[in-house]
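In: My questions are about this predicted structure, shown below with the sequence.
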Amino acid sequence: MVQINLPENSKIKKGKYFKDLTGSKNLRKINVYRWDPSSGENPRIDTYEVDMDNCPSKVLDILNKIKNEIDPTLAYRRSCAHGVCGSCAMNIGGKNGLACTTPHAEIDGDIDIYPLPHLKVKKDLIGDLDGLYKQYQSIEPWLKSNSKSETKEIIQSKEDRAKLDGAYECIMCACCSTSCPSYWWNGDKYLGPAVLLQAYRWIIDSRDEERQIRLKKVADELKLYRCHTILNCTSACPKGLNPAKAIAEIKKMIATANI
Amino acid sequence: MENKPPLSPHIQIYKWHISSLVSISHRITGIINIIAITFICLLVSSLFFGKNNYEYIYLFLSSLIGKFIILGLTWSFSFQALSEIRHLIMDFGYGFELKATKITGLIVIFGSVILTVIFYIIGKNFYQ
């Protein structure tokens, strides 16, 4: 259900202020969401003054700089630093994105960094994505071709292969799903843009033989139809994909498929 | 010591953009319109009980609050109509590119204001 206010234990307090020690003139204030599971306290916003003269161009570089030079207790996920793994997805300046591909020059003023919205926080910028992964599992994201031999290649035409463009590139960073208000309020039932884009990817795969069953599965009222074209997903996707369009295509298929 | 994981902030921190604004306004105007239509039906039904009622309605709608309500409803109906057309186009699978959603969203926002002005002028000049 719609719950505008945060629960009591999630209300954010003012945190510590880390003054610059380098004496640099080119400083930027970075406000970072912090929560320490061992402290028993509410989350807080810590502010760091970061020397931008010695900082590479991306938001992840700022976080690395804070962790390496200012405050080693800061926790966040990161791995490839090239927008391929999807680990460093977070809310930067009010919009979800990958810290490693978001240039800090594009953000005006102080930079606010939060974990992905409406998730259980594990620590600092790390959100709990278990629910999303379970939903991903529920759409059975693998090829189902029972009739064809498993030892032989399944041929796909160039046109059929082209249908997967814009769907297979998804890195499951969860930027889109956690940007979606419908997913915030109904995340337990609604599959959300990331999982529905993947559902679409398997529905339109010409080699897959269970399209009807897959369609029937997502046709459930809450699983699919909670998309109200708010389009936070498409505007958040760091890979430039369009989950909202994929959801609309599934809706169209169900409307015409006679199931 | 309480150690329940907190919920990360969501609507409090998420940036608004044209599509999300149009979407939430679509819902709000929808609710307003349903209430308004019900109310208008009640007003019209009250006319069955004599012309006195007509005068009361007329007096109320001629007052400043009444005029404000009429203008507000004209806007909310215009917005709902335009936004519904936008949804219809999207239901056909078109207009999902970020640029297109921005443009259609702006058309809905500015179009609803323009339609309100047009309706106001028509009403003022032709139905007095």
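Out: Looks like it arrived, so ask away.
In: Point out where chain B drops to low pLDDT.
Out: For chain B, applying pLDDT under 70 flags the ranges B:1-2, B:128.
In: Up against chain A, what does it have?
Out: Neighbours of chain A within chain B, by C-beta under 8 Å from any C-beta of the partner chain: B:1-15, B:17, B:19-20, B:23-24, B:27, B:87, B:90-93, B:96-98, B:101. All C-beta spots, glycine's among them, are computed from the backbone N, C-alpha and C.
In: now those: which count as buried?
Out: Among the residues of chain B next to chain A, those buried by neighbour count (16 or more other C-beta atoms under 10 Å in any protein chain shown) are B:5-11, B:13-14, B:17, B:19-20, B:23, B:87, B:90, B:96, B:98, B:101.
In: Restricted to helices, list the residues you listed.
Out: Secondary structure of these is defined by DSSP state H; positions in helices are B:S19, B:S20, B:S23, B:H87, B:M90, B:L98, B:T101.
In: Contacts only, for the residue nearest to the last one when sequence neighbours are not counted.
Out: Nearest residue to B:T101 in three dimensions, chain neighbours excluded: B:S19, at 4.8 Å (C-beta to C-beta, 6 or more residues apart in numbering or on different chains). When contacts are counted by C-beta atoms under 8 Å, 6 or more residues apart in numbering or on different chains, B:S19 is found next to A:T229, A:I230, A:L231, A:N232, A:S235, B:T101, B:K102, B:G105.
In: How about the residue positioned nearest the centre of chain B: what's its closest non-neighbour residue?
Out: Per C-alpha atoms, centre = their mean, the C-alpha nearest to the average position across chain B is that of B:S76, at 2.2 Å. With C-beta to C-beta, 6+ apart as the criterion, B:S76 has its nearest non-adjacent residue at 4.2 Å, and that residue is B:T29.
In: And B:S83, by the same measure?
Out: If you skip the residues right next to it in sequence, B:S83 has B:H26 as its closest partner in space, 4.5 Å away by C-beta to C-beta, 6+ apart.
In: contacting residues around the one you found?
Out: B:H26 sits next to B:F79, B:Q80, B:S83, B:E84, B:H87 when contact means C-beta under 8 Å, 6+ apart.
In: Strands - which of these land there?
Out: In this view, the contacts of B:H26 have no member that belongs to strands under DSSP state E.
In: Format these as JSON lines; extra columns: distance to A:N31.
Out: JSON lines is the format used below for the contacts of B:H26 (distance: C-beta to C-beta, whole Å):
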{"residue": "B:F79", "distance to A:N31": "35"}
{"residue": "B:Q80", "distance to A:N31": "38"}
{"residue": "B:S83", "distance to A:N31": "35"}
{"residue": "B:E84", "distance to A:N31": "40"}
{"residue": "B:H87", "distance to A:N31": "37"}
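In: Now the buried members of those.
Out: Of the members of the contacts of B:H26, the ones counted as buried by neighbours, 16+ other C-beta under 10 Å, are B:F79, B:Q80, B:S83, B:H87.
In: Quick check: the gap between the closest residue to the second one other than its chain neighbours and B:L42.
Out: Meaning B:Q80. The spatial neighbour of B:Q80 that comes closest, neighbours along the chain excluded (C-beta to C-beta, 6+ apart), is B:T29 at 4.7 Å. With distances defined as C-beta to C-beta, to the nearest Å, the gap from B:T29 to B:L42 amounts to 20 Å.
In: Since that was my last question, I'll sign off now.
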